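> quick one, structure for this:
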Amino acid sequence: MSVSHSAHAVYGVVVAPPRQQEALDESLRAQAHRPASGNSADVRVQLFTVGDGEHIVLGAGYEHLGPSTYRAVPSLPASKGWDDALLEQVGNLGLTVLSGPCWHIVHDLG
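Numbering: from 1, shown residues only. Okay, here's the model as predicted:
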């Protein structure tokens, strides 16, 4: 059995696992039905889970970090509307923020 690794820099918030995972999933799916407005303030929040769901990150931006690569964290851009979009999603769902909003390095095994 082979093991795969993935590593991303994710701009987001780490949240406590929600009591109602279905509500979180539905809220994130509903974003797909928004018409593309071209407005940079319309940020799509994505879900990143680490391990078996014990760590949940809601991300507004991310960058894949490939093998044998590096990035200086200060060089990672953050858009103006990301904090607002993340905190709105957290507030709408009554989630508890454990960390962020900031850049997180997410390394997972698959």
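> can you name every helix or strand that the one helix or strand Cys102 maps to contacts?
Applying DSSP states H and E as the criterion places Cys102 in strand 97-109. Strand 97-109 sits against strand 5-15, strand 46-50, strand 55-64, helix 82-93, with contacts defined as 3 or more C-beta pairs under 8 Å, 6 or more residues apart in numbering; DSSP states H and E. For glycine as for every other residue, the C-beta is placed from the backbone atoms N, C-alpha and C.
> how does it look with 7 Å?
strand 5-15, strand 46-50, helix 82-93 (3 or more C-beta pairs under 7 Å, 6 or more residues apart in numbering; DSSP states H and E).
> low-confidence regions, the protein specifically.
Per-residue confidence for the chain (pLDDT under 70) gives these ranges: 1-3, 32-41, 110.
> which residue is nearest the middle of it?
Among the residues of the chain, the one closest to the centroid is Gly59, at 1.8 Å (C-alpha atoms, centre = their mean).
> make TSV from the helices and strands packed on strand 97-109 and add distance to Arg71 to it.
Formatted as TSV, the helices and strands packed on strand 97-109 follow (distance: least, C-beta to C-beta, whole Å):
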stretch	distance to Arg71
strand 5-15	6
strand 46-50	17
helix 82-93	17
